[in-house]
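> below are the sequence and a predicted model for it; my questions follow.
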Amino acid sequence: MKSADEEDAYHRQIQAFLAELPPEVIINILSRLRVGRLLYFRSVAKPWRSLIDSSYFRNLHLLHSTHTKSNLNLILRKESDLYCVDFDSLNDAVELTHPLMCYSNRIRVLGSCNGLLCICNVAEDIALWSPWIRKYRILPSLPSDRKRDKGMCLCGARVYGLGYDAVHDDYKVVRISQFIGWDSASFEGEVKVYSLRLNEWRRMDNMPYVLCYTRKMGILASGCVHWVVTRTPELEMDQPATEMVAGFDLVKETFGEVPMPEMDRKCQIDVGYLEGWLCMVAKYEDVGVDVWSMKQYGVKESWCKLFTVKQIQGVRRPKSIRPLVYSKNGRQVLLEQNHEDLVWFDLESQMVKSVKIRGLPDLFEATVCAETLVSVDPSKREDKEKEGKKNKKSLTVQ
């Protein structure tokens, strides 16, 4: 560990080196660094601190991370614990200290967006949390609403989703509470949306669908949060219930149906996110799993079957498969299998290779999360162009 004098000497060396570089070069270098190093460099000089803390630089760093798939991490949840695994190395699972009390019960990851995690405990305390800059915001509490009048009984399901409203520069949490009628044939889907900018919950129109999975959180893609649903009995008009995908538009704050691909046989579906696109996992009984991707959001003809994970004779059939992320060279896809294993699926050879990670929990749920500078403080909608120019001019380190 360096002494105070050694640290000062190191800072002077950095200052002397960077004083010779143009501001544009400095910004380009900094935008490629991981958050931990950037937080350290904030102490070099006041102009650097101003730049790194600015919304201009936060967005530049986020844009670079998104386009290059750098600074990615896997967040693994097991019961009340959360672990972080660096995607570039996939070596060690490091336990994270999250901000919620767990009361000896499990923590839930409700969503991930631009480096922010939305987490919840058994008491339904909800937090927006950045593990990277170590800041969080506890959301205003909501009444439990576990009982309803007008023929509705207890809440049968409660799911959430997290996303970004690019038009209003706002992070939003969607909560759907599904109530079941005493006759077990009627449903009511209550929708509430939290706005980080306003720091408040608002009631929306009810969801006109029935959730198929009562514990699966929403999947963010193309500005919408998605769930697998069926139409309510009133909309089905005595037709057999058919699984479909519905998305909640974070800008319009309305639901819409996603057109489904043409499939030649019955299957069980789930939704996911892969390489910027909405994807769908179709599981066939004793056959295998197809993974589809929608290349142009909302266009039925743009669905493309990416790959098939076939059932291997003599090998236990996977109960669940979730695509997480492509490898850097794009030739493999990292899959979560049965909440027990992480495996690479080779797109060319169709072979599966297990990933060995030290400290990996026996059972887990994996979420991909980028390491960013995005803050949980409500945005003040700064003029990013003016702010960027101001910080460029002030970058000369004295």
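Ah, there it is. Here the structure is a predicted model, which is why all the values come from computation and not from measurement.
> going by C-alpha atoms from here, please, whenever you check contacts or count neighbours.
Fine.
> and the helices in the stretch 51-200 of the chain?
55-68 (DSSP state H, counting those that start in this stretch).
> and the residue nearest to residue 218 when sequence neighbours are not counted, what are its bridge partners?
Spatial nearest neighbour of residue 218, excluding adjacent residues (C-alpha to C-alpha, 6 or more residues apart in numbering): residue 161 at 4.4 Å. Beta bridges link residue 161 to residue 174 when assigned by DSSP bridges.
> count the neighbours of residue 161 for me.
26 (other C-alpha atoms under 10 Å).
> so it versus residue 69, what's the distance?
22 Å (C-alpha to C-alpha, to the nearest Å).
> what of residue 38?
From residue 38 to residue 69 the distance is 18 Å (C-alpha to C-alpha).
> quick one, strands of the stretch 1-150 of the chain?
72-78, 81-86, 94-96, 108-113, 116-120, 126-130, 135-138 (DSSP state E, counting those that start in this stretch).
> contacts for the fourth one, please.
Counting by C-alpha atoms under 8 Å, 6 or more residues apart in numbering, strand 108-113 makes contact with 77, 117-121, 159-164, 217-220, 367-369, all of which sit outside it.
> quick check: buried residues in that strand?
108-113 (16 or more other C-alpha atoms under 10 Å).
> so which strand or helix has residue 270?
Using DSSP states H and E, residue 270 sits in strand 268-274.
> what about whichever helix or strand comes after that strand, average pLDDT?
Heading C-terminal from strand 268-274, the first helix or strand you meet, by DSSP H and E, is strand 277-284. Taken as a whole, strand 277-284 has a mean pLDDT of 92.
> quick one: mean pLDDT over the following helix or strand past strand 277-284.
Moving toward the C-terminus from strand 277-284, the next helix or strand (DSSP H and E) is strand 288-294. Averaged over strand 288-294, pLDDT sits at 92.
> in the sheet, who's paired with residue 120?
What pairs with residue 120, by the bridge criterion (DSSP bridges), is residue 108, residue 126.
> how many other residues sit next to it?
For residue 120, using other C-alpha under 10 Å, the count is 22.
> who's the residue nearest the centre of the chain bridged to?
Against the mean C-alpha coordinate of the chain, by C-alpha atoms, centre = their mean, the closest residue is residue 112 at 2.4 Å. Counting by DSSP bridges, residue 112 forms beta bridges with residue 117.
> nearest to residue 177, of the buried residues of strand 108-113?
residue 110 (14.0 Å; C-alpha to C-alpha).
> pretty sure residue 278 sits against residue 296.
No. Using C-alpha atoms under 8 Å, residue 278 is not in contact with residue 296; the gap is 9.1 Å.
> ok, now which ones touch residue 191?
174-177, 203-207.
> dump those residues to TSV, plus neighbour count.
Listed next are these as TSV, based on neighbours: other C-alpha atoms under 10 Å:
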residue	neighbour count
174	25
175	22
176	22
177	23
203	11
204	14
205	12
206	16
207	22
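> among these, which are located in strands?
Using DSSP state E, the subset of the contacts of residue 191 located in strands is 174-177, 203.
> pLDDT below threshold where in the stretch 1-150 of the chain?
1-5, 7-8, 10-12, 14-15, 18-19, 104, 144-150 (pLDDT under 70).
> what's opposite residue 270 in the beta bridge?
Here residue 270, judged by DSSP bridges, has bridge partners residue 281.
> before we move on, what about residue 209?
residue 231.
> ok, back up a step: closest to residue 249 out of the ones in strands among the contacts of residue 191?
residue 174 (10.3 Å).
> mind listing what the closest one touches?
So residue 174 contacts 160-162, 191-194 (C-alpha under 8 Å, 6+ apart).
> nearest to residue 373 among the residues you listed?
Proximity of the contacts of residue 174 to residue 373 (C-alpha to C-alpha) peaks at residue 162, which lies at 17.3 Å.
> now do that closest one against residue 218, distance only.
Distance from residue 162 to residue 218, by C-alpha to C-alpha: 7 Å.
> overlap of the contact sets of those two?
With C-alpha under 8 Å, 6+ apart as the test, residue 162 and residue 218 both reach 110-111, 225.
> okay, now residue 298: neighbour count?
16.
> ditto for residue 157
Neighbour number of residue 157 under other C-alpha under 10 Å is 19.
> cool, residue 139 as well?
18.
> same deal with residue 134?
11.
> okay, the contacts of residue 191 in CSV with pLDDT and distance to residue 287 next?
Output for the contacts of residue 191, formatted as CSV (pLDDT from 0 to 100; distance: C-alpha to C-alpha, whole Å):
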residue, pLDDT, distance to residue 287
174, 98, 35
175, 96, 35
176, 94, 33
177, 91, 34
203, 95, 43
204, 96, 41
205, 94, 40
206, 92, 37
207, 93, 34
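> the contacts of residue 174: which two are farthest apart?
Across the contacts of residue 174 (C-alpha to C-alpha), the longest gap, 13.4 Å, separates 162 and 191.
> just send the contacts of residue 191 back as CSV, with distance to residue 98 too.
What follows is the contacts of residue 191, written out as CSV (distance: C-alpha to C-alpha, whole Å):
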residue, distance to residue 98
174, 21
175, 21
176, 24
177, 25
203, 29
204, 30
205, 33
206, 32
207, 32
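> and those residues, which is closest to residue 344?
Nearest member of those to residue 344, counting by C-alpha to C-alpha, is residue 174, at 32.0 Å.
> quick revisit: from the ones in strands among the contacts of residue 191, which is closest to residue 9?
Distances from residue 9 to those, taken by C-alpha to C-alpha, are shortest for residue 174, at 49.6 Å.
> how close does that closest one get to residue 26?
39 Å.
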